[in-house]
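In: Here is the input, now give the coordinates:
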Amino acid sequence: MVAQIVAFGHNAFSPLRRRNFRLYFIGQAISQTGTWMQGVAQAWLVLHLTGSAAALGIVSGLQFAPALFFGPYAGILADRFPKRRLLYVTQSAAAVLALALGITVATGTIQTWMVFVMAGLLGAVNALDYPTRQSFLFDLTGPAEVVGAVSLSSTAANLARVLGPAIAGLLIASVGMPVCFFANAASFIAVLVCLALMKSSEFHRAKTLPAEETRLAEGFAYAVRTPVVREALAITAVVGVLTYQFTVSLPPFAKFALGGSAATLACLMSGMGVGAAIGGIFTAARRREGLGALALSSLAFGAATAAVALSPNLVVATGLMVVVGVFAARFTCLSLGLVQLASSAAQRNRMVALWSTAFLGSSFVGAPLLGWVAQAFGARWGLGIALAGGLAAAAVGALGARRAERARGAGRKPPRGRRRHCVRPTLVSYDVLVRSFPSARAVLSCLSIKRPRASLWTMSPTM
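Out: Sure thing, here's the model as predicted:
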């Protein structure tokens, strides 16, 4: 038992032995806390300005639209330029936008259209930042520990999901929303400092590819003809549209279904963060999982989210959000890990960019859709529709797992030089008949039916 616990801890936390990854982990934990603080404040700001779940869906759609249209090009930039240099640019730009939004809220000049514009600009920054950060994990740890790095990075984000909303709820109730935006702007300083402290000699660098080798069409073609990548991207897109839209579905649920405040939303988000931290650590320790595990996690994710919609009060809803967080983290880590491990070195950055497009860009469709559902049919339906996403994703994953199993079975070959003695079916039938009915031998002889000879068959390598 002790040995199993030690092995679990070694597998789960081995990427933290690398100095560069430790710095990345610390910086992201601080920055993501600020990001969640701004996310809660922005959602509550939109509901305060408009009182409309549909408007909240539009804001989220604008924030993620650039990832859908420009996300694939981020992989090309990551192929052509050093990722750390790109992160300096994106993190600085995000800090400036958070500061500008905080100033407009603090001065009382904020209007709904300004939130729309800021959301679109932040989405343009994230369209480059998110896939660059995810592919940067490979440079920090290498192929042997990339799944663990993805899981621990997700754990850092989910720990931030616990702290960020909780702090935001307290600050909004006590000193107001502007402080959340200022705190997020300041949190990016931690990322910039950690990036500067990293040692270039410890990176697992892939060679920078020339322009003719980073064409976008080649990336799309590679994704289509690589089954694991293709199916993981399809599952990510389905879950992204119908299930992973909590910035749209939870605020109206907290305000209209539960009759709560910003503190209610913070409680729900923190519960999800606790579960996601657990799910991320568990997934980090389990290195080898495939499409079957991704299909089950997607189904459980959708079912747990739909169960939250039926919650009668905040206590039950928060408890269920912990379960949602566990499967949300497993879904994210498994889908991204499968894409990274199934991709060749030359295509990895572009595949991660496509994954980011499927994950973030799907909100361009999903956020307005779920916002409209919550506005038209009630806040609970915005969460309940997640079950449809889980079922659809599970079906895609199950079909992919079956295809992979058949491919493995077809690829098995007998040991070279071995010959197998195979008996004709007619010989087996003759012997069974004679042994069962001794008089049958005479009858068969009268009919001129003799016992067939056994033959020696050599198995074909394709069998």
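In: Quick check: chain neighbours aside, which residue is closest to the residue nearest the centre of the chain?
Out: Geometric centre of the chain, nearest residue: residue 332, 2.2 Å, by C-alpha atoms, centre = their mean. Nearest residue to residue 332 in three dimensions, chain neighbours excluded: residue 154, at 5.6 Å (C-beta to C-beta, 6 or more residues apart in numbering). The way it works is simple: take the backbone N, C-alpha and C, and place the C-beta from them, glycine included.
In: Contacts only, for that neighbour.
Out: 276, 280, 283, 329, 332, 333 (C-beta atoms under 8 Å, 6 or more residues apart in numbering).
In: Against residue 25, how distant is the residue nearest to the centre of the chain?
Out: 16 Å (C-beta to C-beta, to the nearest Å).
In: just checking, residue 199 touches residue 22?
Out: No - under the criterion of C-beta atoms under 8 Å, residue 199 is not in contact with residue 22, lying 11.5 Å apart.
In: Neighbour count: those two, which is higher?
Out: Ranked by neighbour count (other C-beta atoms under 10 Å), residue 199 and residue 22 place residue 22 first, with 16 against 9.
In: Got the domain ranges for this protein?
Out: Per automatic domain parsing, the structural domains of the chain span 2-204+214-411, 417-463.
In: quick check, nearest of the contacts of residue 154 to residue 259?
Out: Residue 259 lies nearest to residue 276 out of the contacts of residue 154, by C-beta to C-beta, at 25.9 Å.
In: got the phi/psi numbers for residue 198?
Out: With angles defined as degrees, to the nearest 10, residue 198 sits at phi -70, psi 150.
In: Check the gap between it and residue 342 for me.
Out: 27 Å.
In: same check, this time on residue 161
Out: From residue 161 to residue 342 the distance is 28 Å (C-beta to C-beta).
In: which of those two has more neighbours?
Out: The neighbour count for residue 161 versus residue 342, taken as other C-beta under 10 Å, is higher for residue 161 (28 against 20).
In: Is the more buried one in a helix, a strand, or coil?
Out: helix (DSSP: H, G, I helix; E, B strand; the rest coil).
In: switch to numbering from 543
Out: Got it, first residue is 543 now, which makes that one residue 703.
In: Now do the contacts for it.
Out: Neighbouring residues of residue 703 by C-beta under 8 Å, 6+ apart: 574, 578, 811, 812, 814, 815, 818, 867.
In: same thing with residue 936?
Out: Residue 936 touches 837, 838, 840, 841, 844, counting by C-beta under 8 Å, 6+ apart.
In: Check residue 702 too.
Out: 570, 571, 572, 573, 574, 575, 577, 578, 815.
In: In which helix or strand does the first one reside?
Out: What that stands for is residue 570. helix 561-592 (DSSP states H and E).
In: List the buried residues for that helix?
Out: Going by neighbour count (16 or more other C-beta atoms under 10 Å), the buried part of helix 561-592 is 562-589.
In: ok, back up a step: may I ask which of the contacts of residue 702 comes out lowest in pLDDT?
Out: Minimum pLDDT across the contacts of residue 702 is recorded for residue 815, with 82.
In: how many neighbours does that one have?
Out: Residue 815: 27 neighbours (other C-beta under 10 Å).
In: Hmm, it is touching residue 700, no?
Out: Yes - between residue 815 and residue 700 there is a contact under C-beta under 8 Å: 5.0 Å.
In: where do the contact lists of those two overlap?
Out: With C-beta under 8 Å, 6+ apart as the test, residue 815 and residue 700 both reach residue 867.
In: From the contacts of residue 703, pick the one nearest residue 713.
Out: residue 578 (12.1 Å).
In: Report the contact partners of the residue lying closest to the closest one once chain neighbours are set aside.
Out: Using C-beta to C-beta, 6+ apart and skipping the chain neighbours, the partner closest in space to residue 578 is residue 706 (2.6 Å). Residues near residue 706 by C-beta under 8 Å, 6+ apart: 574, 575, 576, 577, 578, 579, 581, 582, 811, 815.
In: can you check residue 807 too?
Out: Contacts of residue 807 by C-beta under 8 Å, 6+ apart are 582, 585, 586, 707, 711, 792, 793, 796, 797.
In: any weak-confidence spans in the stretch 743-892 of the chain?
Out: The model of the stretch 743-892 of the chain has pLDDT under 70 over residues 747-758, 826-831.
In: Tell me how far residue 580 lies from residue 841.
Out: The separation that residue 580 has from residue 841, given C-beta to C-beta, amounts to 32 Å.
In: Please read the previous query as pertaining to residue 776.
Out: Where residue 841 is concerned, residue 776 sits at a distance of 15 Å (C-beta to C-beta).
In: These two: which has the busier surroundings?
Out: More neighbours surround residue 841 than the other of residue 776 and residue 841, with 22 against 17 (other C-beta under 10 Å).
In: so the more buried one touches residue 935, yeah?
Out: Yes - here residue 841 lies in contact with residue 935, judged by C-beta under 8 Å, at a distance of 7.2 Å.
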